[in-house]
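# Coordinates for the following, if possible.
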Amino acid sequence: MIVELGVVLAYLLVALIIGVLAYRVTTRSAEDYYLASRSMGTVVLLFTTFATLLSAFTFFGGPNVAYGAGPEWILVMGLMDGVLFGVLWYLLGYKQWLAGRAHGYVTLGEMLGDRFGSTGLRGLVAVVSLFWLFPYVMLQQMGAGTALVALTDGGVQYWQGALLVTVFMVAYVAAAGMRGVAWTDTLQGVFMLGMVWAAFAWVATTLGGPVAATEQMIATNPDFGTLGGGLYTPQYVISTAVSIAFGVTMFPQVNQRFFVGRSETVLKRSFVLWPVLCILLFVPAFLVGSWAISLDIVVPDNANVLPIVLNAVSPGWFAALVVAGALAAMMSSSDSMLLSGSSYVTRDLYRPFVNPDASERTEDTLGRAAVAVFAFGAFLASLTRPGTLVSVGSTAFSGFAQLALPVALALYWRNTTRTGIIAGVAGSQVFYLATIFAPELVVSGVPIIAGSYYGWGSGVVGMLVGLLLTIGVSLVTTTASTEDATLLFETLGTDN
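Below is the predicted model:
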């Protein structure tokens, strides 16, 4: 256990040192702290987005789903979400980059608040984003805790593992801001990708090669060799892929990266290369999870299959390296979430509603403090372990996805009104929250409030509710005098 913990701690220290180095060149301005002065090149932008997006949900939750339901999770995440998010990055992210460059926006709420002349909308977007961000930060801490328990065979307790990662994240995020996060993300993304392929090679070799491993998997569970069936109905696959792709587009930590590219060329290269990186990560990770069905292992409830597989087929030092790669995935998501959440608190809540005349120094200090408060609050909540990584992650993805279509209309439909977008954002959130927390409501056999609608997820149905509300209310309301459509149309070279 000492060797395994030593490997993990060494990695955490490297990440902290990079954060300290970034701190030395980070100024006290909000734009530099939150967006690294919009100076990122292709490699750093691509890998910081990659590492930010691919978290405990992917690194542990994905193999867990593949272990329980089969390798078609590769189709859900790799082909559908890898490609679909790349398309959304182009359609929505490119326009946001143009707007950010023209008007200096730091957050999505700032952009929409200016476009519709509404601090209320700005605050609504921030509150919704922070509400769904909290469980997703918590998910990373849950993943870290369970990973270190499995790696050390219970030598490290769940709360100790979650706290360890939380402390390191707060240290370098509060110090270094976006530049430190992007630098550590690049290291973490490369390391994570390398460790996944190393784990794939080790497990495949142990099982006699990829072909033999796949044959053993099918012999153990023939359903794993067929396409469709079981969990993977067409409705489930499409609903999940759409919710995840549109959800991550609205993740504050991902959405904020739409503003940071150094040039148009950097942005276009990044979203073209995005699907390639996704396939390179998803295929080996989820195949290892699927192959594990043929191994003589025991996977307790709410445990992660990947470290258990590695402990069974490889020496402790190698398992520790791969778990360090998994921690890289979790930290590279959480650090960006903490930073973007801090920007929403300071830019969209504190400055417009509490102290409009706050200095850059005050905002900077508050932002760093918000990182610590948010992180330790999520850590305390993670101790309750409210569900599996996949269930917590899926709920948050769909919550963010409710923002996507109203935002898309704001970017592409000039006739969107302030009242319309507020109705779309608020209405879809109320509907989706009702499907989670309210009692099920069925009228004449038709589900009105339910988790699933004839197999389609409530997240996708909620997105349609938001779309219809935004269009319908916009058509029957007038444009307010403070709205300024030119900010997102003529200024960006479009007039549709």
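# Once you drop chain neighbours, what's closest to Cys39?
Rather than Cys, residue 39 is Ser. Using Cβ to Cβ, 6 or more residues apart in numbering and skipping the chain neighbours, the partner closest in space to Ser39 is Arg262 (5.4 Å). Where you see a C-beta, it was placed from the backbone N, CA and C, and this is true even at glycine.
# before we move on, what about Glu110?
Arg347 (6.1 Å).
# Surely the one you found and Gly104 touch.
No. With contact defined as Cβ atoms under 8 Å, Arg347 does not reach Gly104; the gap is 11.2 Å.
# pLDDT value on Gly82, please?
According to the prediction, Gly82 has pLDDT 83.
# go on, Ala329?
66.
# same check, this time on Pro252
Note for Pro252: predicted pLDDT of 89.
# Would you enumerate the residues in contact with it?
Pro252 is in contact with Thr107, Leu108, Ser129, Leu133, Met337, Ser340, Gly341, Ser343, Tyr344, counting by Cβ atoms under 8 Å, 6 or more residues apart in numbering.
# What's the local residue count around Ala171?
Using other Cβ atoms under 10 Å, the number of residues around Ala171 comes to 17.
# So which residues make contact with the helix or strand in which Ile17 is found?
When elements are assigned from DSSP states H and E, Ile17 belongs to helix 2-23. The list of residues contacting helix 2-23 from outside it, by Cβ under 8 Å, 6+ apart, reads 148, 151-152, 156, 164-165, 168, 171-173, 175-177, 179-181, 183-184, 187-188, 191, 316-317, 319-321, 323-324, 327-328, 331.
# quick revisit: have a look at Arg347 and Gly104 and say which one is more surrounded.
Each of Arg347 and Gly104 has its neighbours counted (other Cβ under 10 Å); Arg347 has more, 22 against 14.
# confidence score at the residue nearest to Glu110?
89.
# show me the contacts for it.
Arg347 neighbours (Cβ under 8 Å, 6+ apart): Ala30, Tyr34, Val106, Thr107, Gly109, Glu110, Glu363.
# For those residues, work out which two are farthest apart.
The two members of the contacts of Arg347 with the most space between them (Cβ to Cβ) are Gly109 and Glu363, at 14.7 Å.
# more crowded one of the two?
Gly109 (26 against 23).
# got the CA positions of the strand or helix carrying that one in CSV?
Under the criterion of DSSP H and E, Gly109 resides in helix 108-116. The C-alpha coordinates for helix 108-116 follow below in CSV (Å, rounded to 0.1, in the frame of the first residue of the first chain):
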residue,chain,number,x,y,z
LEU,A,108,-22.4,32.4,-20.7
GLY,A,109,-24.6,34.4,-18.3
GLU,A,110,-22.7,37.6,-19.2
MET,A,111,-23.3,37.1,-22.9
LEU,A,112,-27.0,36.3,-22.5
GLY,A,113,-27.5,39.1,-19.9
ASP,A,114,-26.1,41.6,-22.3
ARG,A,115,-28.0,40.3,-25.4
PHE,A,116,-31.4,40.4,-23.6
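# Which SSE is immediately downstream of that helix?
helix 119-151.
# What's the mean pLDDT across that next one?
Per-residue pLDDT over helix 119-151 has a mean of 87.
# So what's the gap between that helix and the chain middle?
In terms of Cα atoms, centre = their mean, to the nearest Å, the centre of helix 119-151 is set 9 Å apart from its chain centre.
# cool, and stretch 248-263?
Taking Cα atoms, centre = their mean, one finds the center of stretch 248-263 at 11 Å from the center of the full chain.
# Am I right that Met463 is in contact with Leu403?
No. Using Cβ under 8 Å, Met463 makes no contact with Leu403, being 9.2 Å away.
# contact partners of stretch 307-324?
Residues contacting stretch 307-324 (Cβ under 8 Å, 6+ apart): 1, 3-8, 11, 147-148, 150-151, 153, 191, 195-196, 198-199, 202-203, 206, 288-289, 292, 295-299, 306, 326.
# and Ile436, what element?
Using DSSP H and E, Ile436 falls in helix 418-437.
# and the helix or strand just after that helix, which strands flank it?
Proceeding N to C from helix 418-437, the next assigned helix or strand is strand 441-443, under DSSP H and E. Strand 441-443 sits in its sheet next to strand 446-449 (antiparallel), going by DSSP bridges.
# buried ones in the partner strand?
By 16 or more other Cβ atoms under 10 Å, the buried positions in strand 446-449 come out as Pro447, Ile449.
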